[in-house]
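Trainee: Okay, here's the prediction I keep looking at, along with the sequence it came from:
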Amino acid sequence: MRIHFIAIGGAAMHNLAMAVASKQGYHVTGSDDEIFDPALTHLRNAGLLPDQMGWHPERITPDIDAIILGMHAREDNPELVRARELGIKIYSFPEYLYEQTKDKVRIVIGGSHGKTTTTSMILHVLKHLGIEADYMVGAQIEGFERMVRLSDTAKYAVFEGDEYLTSPLDRRSKFLWYHPHVAILTGIAWDHINVFPTFPQYVDTFRQFVKTIEQTFIYYAGDENLQVLAKEAQQSGQALQILPYREYTGDVEMQVFGRHNMQNIQAACLACQAIGIQAEDFYREIATFTGASNRLEKICEYGNYVAYKDFAHSPSKLRATVNAVRERYPNKRLVACMELHTFSSLMADFLPQYKDCMQEADVAYVYFNPKVIEHKRLSPITKEDVKNAFGTNNVVVFTESEALQTELKKQNYDNTALLMMSSGTFDGIQINEFARSLANK
């Protein structure tokens, strides 16, 4: 079976390529116009790195059985055009995952926040209980070789369900492909404004997702929008078991912290119970879960200084992360630093969603690069726009990475918790090394 990946360098795409290549009888090739680490190193080590960057339609030959199309490619991609001319079967990333797991019991975790962590929790428990599962998760998990696994032997498949677009050819949300037997929705907080320009449109894609659930719908009971969707599902006659949850309040000591993580634990427990795992077995194993990469990940702890990093960038994730660290360290000075990096976060119309998100920090630094805004072809925003949007006096806004670093280095880190939050790098900061260096300045 010959499979060719167009835009192989994406975080999920290159992991899927490696998973497919590991299956017996599959030959994988791929292309991209640019590939960065860690995908670059991963693909090179797996023998899947394209020998030449760019799009090369001559590589698309009739003996290719299927194309897997990444979101990074455009509709007029030369290789895609050639594949369509030849009539080769073209799959999107989620479509191919479904195709490979349509005979398995599928568990899908969706929502505006907590997807990666909740998915990781379920996979951690399954692994420690010796239950084999295929999976797709948006972060590296301790004890797992890669972010995607496909097999011929697993009974279960656990997917992080993303509401973003499927592919350049399919403008529906990815998670609409998965048709889960068991589904979790952790909450709905407006995101991806470039795809869902109004909040009702954003809610509606979750409404469509609920309609695809086959057996069990698990949802966070504290979310008003999910309450509406659950009631609609109940009134529609859809044959669903509907299970609301709050947060874990038991006596088992956990490695992770924060109210949002206690909610994630409770959601993961219900999903595991839905496939026959006993609650006591779940809680025993989840007590050893230390978190997913870049999700409230501890960088270092020296004396009374501690530093964490997190992928938080949307308002709901940002608020939950800042509040969790504040609750964990009520007597420490909290220095929180975040980067506006995604399409939505850099849009003037979306900025008001960040109101009061960092109010629990003693010092709050917000960074954005005007050149990124220009590159994304968005309307300019100013420091004043950002500060006014966040709405609290503790916020200081930076547009130059060097100036931000200089200010961070000036701080006194005695009895301090540092929190660095970004889906990027603050334009070149090696976050782990930088945070460690602050303890020794």
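Mentor: Looks like it arrived, so ask away.
Trainee: And the nearest residue to Gly25 once chain neighbours are set aside, what's its pLDDT?
Mentor: Closest residue to Gly25 apart from its sequence neighbours, by C-beta to C-beta, 6 or more residues apart in numbering: Met1 at 5.8 Å. All C-beta atoms are positioned from the backbone trio N, CA, C, and that covers glycine. pLDDT for Met1: 93.
Trainee: and if you look at Ser293?
Mentor: So Ser293 comes in at 84 (pLDDT).
Trainee: how near is the residue nearest to Gly25 to Tyr135?
Mentor: As judged by C-beta to C-beta, to the nearest Å, Met1 and Tyr135 stand 21 Å apart.
Trainee: Show me which of the two is the more surrounded one.
Mentor: Neighbour tally, Met1 and Tyr135, criterion other C-beta atoms under 10 Å: the higher count belongs to Tyr135, 28 against 12.
Trainee: Go over the secondary structure and confirm that one is in a strand.
Mentor: Yes. With DSSP: H, G, I helix; E, B strand; the rest coil as the criterion, Tyr135 is assigned to a strand.
Trainee: which residues touch it?
Mentor: Neighbour list for Tyr135: 119, 123, 144, 148-149, 157-159 [criterion: C-beta atoms under 8 Å, 6 or more residues apart in numbering].
Trainee: Lowest-confidence member of those, which is it?
Mentor: Phe144 (88).
Trainee: so is it in a helix, a strand, or just coil?
Mentor: Look at Phe144: counting by three-state DSSP, its state is coil.
Trainee: Test my guess that it contacts His128.
Mentor: No. Under the criterion of C-beta atoms under 8 Å, Phe144 is not in contact with His128, lying 11.9 Å apart.
Trainee: Could you check how far the residue lying closest to Trp55 once chain neighbours are set aside is from Phe5?
Mentor: With sequence-adjacent residues excluded and distances taken as C-beta to C-beta, 6+ apart, Trp55 is closest to Pro78, at 4.6 Å. In this view, Pro78 and Phe5 are 15 Å apart by C-beta to C-beta.
Trainee: Looking at those two, which is more packed in?
Mentor: Taking other C-beta under 10 Å, Pro78 and Phe5 do not tie; Phe5 has more neighbours (31 against 17).
Trainee: Could you verify that the more buried one is part of a strand?
Mentor: Yes. Phe5: assigned to a strand according to three-state DSSP.
Trainee: Now for the residue lying closest to it once chain neighbours are set aside, how many residues are close by?
Mentor: Nearest non-adjacent residue to Phe5, counting by C-beta to C-beta, 6+ apart: Gly30, 3.8 Å away. When counting by other C-beta under 10 Å, one arrives at 23 neighbours for Gly30.
Trainee: helix, strand or coil for Gly30?
Mentor: Using three-state DSSP, the structure places Gly30 in strand.
Trainee: which residues touch it?
Mentor: Per C-beta under 8 Å, 6+ apart, neighbours of Gly30: 4-6, 8-9, 14, 17, 43, 48, 50.
Trainee: all helices of this structure, in order?
Mentor: For the chain, helices defined by DSSP state H occupy the ranges 11-21, 39-45, 78-86, 93-101, 115-128, 199-211, 224-236, 259-274, 279-286, 315-328, 370-375, 383-390, 401-410, 431-438.
Trainee: Pick the most deeply packed of these.
Mentor: For the helices of the chain, the largest average neighbour count (mean count of other C-beta atoms under 10 Å) is found in helix 115-128, namely a mean of 25.
Trainee: That helix vs helix 259-274, what angle?
Mentor: 50 degrees (axes from the mean of the first three to the mean of the last three C-alpha atoms, to 10 degrees).
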